[in-house]
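S.K.: I'll drop the sequence and a predicted model, then ask my questions.
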Amino acid sequence: MIYEQIRKLLLYGLTTGLIEKEDELYIRNQLLELFGLEDYEEQSLDESIPSEKAPEEKISSEKTPEEKIPSEKTPKELEDILQRMLDYACDHGIMKENSIVYRDLFDTKIMGLLTPRPSEVIRKFDELYKKSPKEATDYFYKFSQDTDYIRRYRIKKDIKWVTKTEYGDIDITINLSKPEKDPKAIAAAKLAKQTGYPKCLLCKENVGFAGSVTLPARQNHRIIPVMIHGQNWGFQYSPYVYYNEHCIVFHQEHVPMKIDRSSFRKLLDFVKQYPHYFVGSNADLPIVGGSILSHDHFQGGCYEFAMAKAPIERKFTFEGFKDIEAGVVTWPMSVLRIRSKEDDRLVELADEILQSWREYSDEAAGIYAYTEGEPHNTITPIARKVGEVYELDLVLRNNLTTEEHPLGLYHPHQELHHIKKENIGLIEVMGLAVLPARLKEEMELLSTYLLEGKDLRSNPVLEKHADWAEAFLPKYPDRKEDNIHEILQAEIGKVFLQVLEHAGVYKRNTQGQEAFDRFLLHVCSK
């Protein structure tokens with residue numbers, strides 16, 4: 001069986017263009033060594049290697065995130081080949097344990113043998129970039145999937161839907177593509193030596209890294225160098241692809257996140273080089289920031305979020321910047337959009353707004369720039385290019401905690417934690433909910449209880465959902481097996497909208513918007 005799988009994997013490599021015909025014998029021998037084999041039995045397979053690669057499906061950014069993952073046959077074939085190889089390795093004592101952690105380490109090692117060297121990938125990317133930036137990113141995105149760095153067969157397991165709201169269509173996803181560690185791997189991770197190499201998951205040293213029980217293997221991972229604001233940064237894709245062409249742009253040195261004037265310059269430098277992508281940054285403070293604050297990075301991609309489609313509802317003119325279109329965006333969070341053909345002017349105004357917001361307090365609105373010397377105000381910035389016009393969306397953030405809201409005043413409040421408790425980062429801010437995997441089983445169980453009329457409070461897993469369910473159930477007297485999942489999805493979407501409203505520093509009522517205008521007038525008067 002193993003010889004058949006080796007032959008199939010070689011065919012996969014040839015078909016996808018990961019390897020050339022001249023590489024076949026070399027890669028075969030590398031695979032034989034990996035599996036401890038000293039000979040090879042030639043295989044005769046029905047599959048033929050196409051002389052020309054089929055044209056790639058064109059993926060529109062108007063589709064939902066779920067529709068953007070290519071549905072070709074290749075990912076399923078690769079998954080089957082790797083599963084059989086892993087089973088063989090387990091049966092023959094080549095793998096340490098037969099668990100998801102060790103299987104991922106080993107199949108990444110396998111795919112690393114088919115992955116071209118970094119210099120080859122960069123050279124091809126640069127050649128395509130000279131034709132067009134989109135051709136270059138199309139190549140690199142497909143490459144990152146073909147190497148199994150992006151595990152397409154796992155991404156497809158994510159549950160995704162769209163909720164219609166007064167602010168537009170908001171994307172909801174229950175993330176199932178990140179594997180759960182098994183107890184043995186967790187125990188091994190506690191005993192593993194902490195080396196500090198690589199320093200984090202974003203560091204350039206991850207390229208080709210073998211991984212461990214605490215860090216993922218990255219033999220099939222490649223990055224593209226990019227120069228922004230005179231600094232060396234790297235460009236790669238997220239292995240979890242929350243939306244189409246979900247990329248990460250990161251400083252090549254391990255330096256902490258910081259939002260300042262240079263951040264706006266870097267974001268606009270990137271969209272100048274890749275005008276078909278948006279790019280944004282998480283905020284640089286705990287609670288309102290992302291999961292990795294220790295390494296400066298951005299996230300971008302080829303997807304139009306609901307926030308990007310949202311219109312400006314109130315226009316403002318800032319003193320000294322009458323050439324810049326500016327206004328408040330119709331969005332549950334507090335967003336200021338500024339637009340101009342002159343990107344340098346946007347940087348100047350964005351910096352003025354940031355500096356003003358850093359020091360701004362409004363006790364009547366519950367906004368404090370500092371408490372006991374600790375800063376609270378920051379911004380989540382997003383950049384894009386629309387035709388010839390550059391846009392910056394500046395989302396005002398504040399990480400103040402109170403006795404009533406110890407996890408954050410402008411964070412999902414306690415009554416929403418049954419659905420979403422985690423930080424509201426860049427992706428959620430723009431209108432895509434990334435919800436925990438636990439909700440899949442909880443919603444399936446909840447469906448059963450609701451249809452059978454069982455007491456939710458009698459179940460320790462479901463009791464946290466009881467208040468929520470009891471509030472919306474009267475709206476749906478005709479609950480059936482064929483509509484209960486649609487009902488739950490609609491109500492989860494409404495909860496996420498509340499999450500965004502809680503994260504907004506200025507509420508969407510008259511009092512909140514008047515307070516927002518006070519801040520804007522404060523900036524105008526400077």
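M.R.: Happy to help now that I have it.

S.K.: contacts and neighbour counts: CA atoms only from here.
M.R.: Fine.

S.K.: Tell me the buried residues in stretch 335-352?
M.R.: Under the neighbour-count criterion of 16 or more other Cα atoms under 10 Å, stretch 335-352 has 335-341, 343, 345-347, 349-352 buried.

S.K.: Among those, which ones are in helices?
M.R.: 343, 345-347, 349-352 (DSSP state H).

S.K.: Save these as a markdown table, and put in distance to residue 149 too.
M.R.: Below are these laid out as a markdown table (distance: Cα to Cα, whole Å):
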| residue | distance to residue 149 |
| --- | --- |
| 343 | 35 |
| 345 | 39 |
| 346 | 36 |
| 347 | 35 |
| 349 | 39 |
| 350 | 36 |
| 351 | 37 |
| 352 | 41 |
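
S.K.: Let's have those in JSON lines, adding distance to residue 388 and pLDDT.
M.R.: Formatted as JSON lines, those follow (distance: Cα to Cα, whole Å; pLDDT from 0 to 100):
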{"residue": "343", "distance to residue 388": "10", "pLDDT": "97"}
{"residue": "345", "distance to residue 388": "14", "pLDDT": "97"}
{"residue": "346", "distance to residue 388": "14", "pLDDT": "98"}
{"residue": "347", "distance to residue 388": "16", "pLDDT": "98"}
{"residue": "349", "distance to residue 388": "19", "pLDDT": "98"}
{"residue": "350", "distance to residue 388": "19", "pLDDT": "98"}
{"residue": "351", "distance to residue 388": "22", "pLDDT": "98"}
{"residue": "352", "distance to residue 388": "23", "pLDDT": "97"}
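
S.K.: Max pairwise distance over the residues you listed: which two?
M.R.: Greatest spatial distance in those: 343 and 352, 14.5 Å, computed using Cα to Cα.

S.K.: How many residues are close by residue 86?
M.R.: By other Cα atoms under 10 Å, 22 other residues sit near residue 86.

S.K.: What is the burial count for the nearest residue to it once chain neighbours are set aside?
M.R.: Sequence neighbours aside, residue 103 is the residue nearest to residue 86 in space, at 6.5 Å (criterion: Cα to Cα, 6 or more residues apart in numbering). Counted by other Cα under 10 Å, the residues lying close to residue 103 total 21.

S.K.: For residue 103, which residues are in contact?
M.R.: The contact partners of residue 103, by Cα atoms under 8 Å, 6 or more residues apart in numbering, come to 86, 95, 97.

S.K.: How confident was the prediction at it?
M.R.: pLDDT, residue 103: 96.

S.K.: For residue 257, see how far away residue 337 is.
M.R.: 22 Å (Cα to Cα, to the nearest Å).

S.K.: can you check residue 10 too?
M.R.: Using Cα to Cα, one gets 42 Å for the distance from residue 10 to residue 257.

S.K.: How about residue 218?
M.R.: In terms of Cα to Cα, residue 218 sits 23 Å off from residue 257.

S.K.: cool, and residue 99?
M.R.: Using Cα to Cα, residue 99 is found at 35 Å from residue 257.

S.K.: And for residue 388?
M.R.: Taking Cα to Cα as the measure, residue 388 and residue 257 are separated by 29 Å.

S.K.: Tell me which of those two has more neighbours.
M.R.: More neighbours surround residue 257 than the other of residue 388 and residue 257, with 22 against 10 (other Cα under 10 Å).

S.K.: In the stretch 51-200 of the chain, where is pLDDT below threshold?
M.R.: 51-74, 179-194 (pLDDT under 70).

S.K.: For stretch 439-449, which outside residues touch it?
M.R.: Identification of contacts with stretch 439-449 by Cα under 8 Å, 6+ apart yields 174, 419, 455-456, 461-462, 484-485, 488.

S.K.: helix/strand/coil for the residue nearest to the spatial centre of the chain?
M.R.: For the chain, the residue sitting closest to the mean C-alpha position, by Cα atoms, centre = their mean, is residue 242 at 4.6 Å. Using DSSP: H, G, I helix; E, B strand; the rest coil, the structure places residue 242 in coil.

S.K.: now, among the buried residues of stretch 335-352, which is nearest to residue 266?
M.R.: Residue 266 has its nearest neighbour among the buried residues of stretch 335-352 in residue 347, at 9.7 Å by Cα to Cα.

S.K.: Please report the distance of that closest one from residue 259.
M.R.: Residue 347 is 12 Å from residue 259, by Cα to Cα.

S.K.: count of neighbours near residue 221?
M.R.: Around residue 221 there are 26 residues (other Cα under 10 Å).

S.K.: One more: residue 38?
M.R.: For residue 38, the count of nearby residues is 8 (other Cα under 10 Å).

S.K.: would you say it is within a helix?
M.R.: No - using three-state DSSP, the assignment for residue 38 is coil, not a helix.

S.K.: Run through the residues that contact it.
M.R.: Contacts were defined as Cα under 8 Å, 6+ apart; by that measure residue 38 touches residue 32.

S.K.: before we move on, which element is the closest residue to residue 121 other than its chain neighbours in?
M.R.: Nearest non-adjacent residue to residue 121, counting by Cα to Cα, 6+ apart: residue 222, 7.6 Å away. Using DSSP states H and E, residue 222 falls within no helix or strand.

S.K.: residues touching residue 222, list them.
M.R.: Residues near residue 222 by Cα under 8 Å, 6+ apart: 118, 121, 144, 207-208, 236.

S.K.: same question, residue 369
M.R.: Contacts for residue 369 (Cα under 8 Å, 6+ apart) come out as 357-361, 375-377.

S.K.: and the residue nearest to the centre of the chain, backbone torsions?
M.R.: In terms of degrees, to the nearest 10, the main-chain angles of residue 242 are phi -70, psi -20.

S.K.: Likewise for residue 365?
M.R.: Here the main-chain torsion angles of residue 365 (degrees, to the nearest 10) amount to phi -100, psi 0.

S.K.: For the residue lying closest to residue 299 once chain neighbours are set aside, the count of nearby residues, please.
M.R.: Nearest non-adjacent residue to residue 299, counting by Cα to Cα, 6+ apart: residue 248, 4.5 Å away. Residues within reach of residue 248, counting by other Cα under 10 Å, total 21.

S.K.: Would you agree residue 248 falls within a helix?
M.R.: No - per three-state DSSP, residue 248 lies outside any helix segment and is strand.

S.K.: who does the top helix by length along the chain touch, helix- and strand-wise?
M.R.: In the chain, with assignment by DSSP H, the single longest helix is helix 484-503. In terms of contacts (3 or more Cα pairs under 8 Å, 6 or more residues apart in numbering; DSSP states H and E), helix 484-503 is packed against strand 159-165, helix 438-452.

S.K.: how about the shortest one: buried residues?
M.R.: Translated: strand 159-165. Here strand 159-165 shows 159-163 as buried, counting by 16+ other Cα under 10 Å.

S.K.: Kind regards, and thank you for your time.
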